[in-house]
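1. Prediction below, plus the sequence it came from.
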Amino acid sequence: MSSQPTRREFVATVAATAVLAGPALHLLADRGEAVPPPVTKSDTPNWIPTIKPADLIDGAQSDKFAKTNHILLARDKDTIYAMYNYCPHKGCAVGVKADVFECPCHHARFSNTGAVTKGPAKTDLRRFALRLNDKGLIEVDVSHVIDASDKNSTLVVPAAAQPKP
C-alpha cells in the first residue's frame, strides 16, 4: 500500500524544488545566444556584401553582420579579417564588447585576427574568405570556413580604399 503525501507535504516539495531550480535556470538562461553548428563546405560560394574598407578603421571590430550572417569583421592596420562568430569553446555567439571580440558564455576573448587572447577557448576563431567587389564593398563567402593560413582569409586594403584622416 503506497502512502500519498499530504497536501502540506506536496506543497512543501514543490516549493523546495522551485527554490533550488530557480538559480540553476537563471544560470542556464544567461549563457548567451547559441549559434548554429559550424558551416559546412559547399561547392557554391555564397558571397555576402558587407561594408566598405574605409568604414572599418584600423583597430576596429564590427559585429553588424553577426546576427544575420554570423560574420565578424576586424581591421588590423591595412588588413581586414572576416571570422565566423561561433566560439570554439562552447559554441556561443561572439560579439564586440569593449573593443574586443568576446564570448558572453565564458568570456573568452579574441584579437582582431581571431586569435585567442583570453581563455577558456583554446583555438582561434575560424575565418571566412573575403574580397572586394566591383562596388568597393567587402564581400564574405559564408559557404565554408577556411584555415587562417589560406591567402583568401585576409584582405589587404588598397591605398585608395584607406580611410581619409
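-> Noted; the coordinates are in hand.

2. can you map out the strands along the chain?
-> Using DSSP state E, the strands found in the chain span residues 47-49, 61-62, 71-76, 79-84, 95-97, 100-102, 109-110, 116-118, 127-132, 138-146, 154-156.

3. Show me what the last one packs onto, helices and strands only.
-> Just to be clear, that refers to strand 154-156. Using 3 or more Cβ pairs under 8 Å, 6 or more residues apart in numbering; DSSP states H and E as the contact definition, the elements that strand 154-156 packs against are strand 79-84, strand 127-132. C-beta coordinates here come from the backbone N, C-alpha and C atoms, glycine included.

4. Tell me which of these sits most buried.
-> Of the helices and strands packed on strand 154-156, the one with the most neighbours on average (mean count of other Cβ atoms under 10 Å) is strand 79-84, at a mean of 24.

5. Give me the contacts around that strand.
-> With contact meaning Cβ atoms under 8 Å, 6 or more residues apart in numbering, strand 79-84 is reached by 38-39, 50, 53, 56, 70-75, 94, 101, 110, 112-114, 125-130, 138, 140, 145, 153-157.

6. Excluding sequence neighbours, find me the nearest residue to residue 127.
-> Spatial nearest neighbour of residue 127, chain neighbours left out: residue 153 (4.2 Å); criterion: Cβ to Cβ, 6 or more residues apart in numbering.

7. need the contact list for the one you found.
-> 81-82, 127-130, 146-147.

8. which residue is nearest the middle of this protein?
-> By Cα atoms, centre = their mean, the chain has its centre lying nearest to residue 85, at 2.1 Å.

9. Hmm, residue 61 and that one touching each other?
-> No: contact between residue 85 and residue 61 fails when scored by Cβ atoms under 8 Å: they sit 10.9 Å apart.

10. which residues do those two both contact?
-> Common neighbours of residue 85 and residue 61 (Cβ under 8 Å, 6+ apart) are residue 72.

11. hang on, the earlier thing: which stretch among the helices and strands packed on strand 154-156 comes nearest residue 121?
-> strand 79-84 (12.5 Å; Cβ to Cβ).

12. Pull that closest one out as PDB, backbone CA atoms only.
-> The C-alpha trace of strand 79-84 is given here as PDB (Å, rounded to 0.1, in the frame of the first residue of the first chain):
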ATOM      1  CA  THR A  79      44.500  44.100 -43.400                       C
ATOM      2  CA  ILE A  80      40.800  43.100 -42.900                       C
ATOM      3  CA  TYR A  81      39.700  39.800 -41.400                       C
ATOM      4  CA  ALA A  82      36.300  38.000 -41.600                       C
ATOM      5  CA  MET A  83      35.600  35.500 -38.900                       C
ATOM      6  CA  TYR A  84      32.700  33.100 -38.000                       C
END
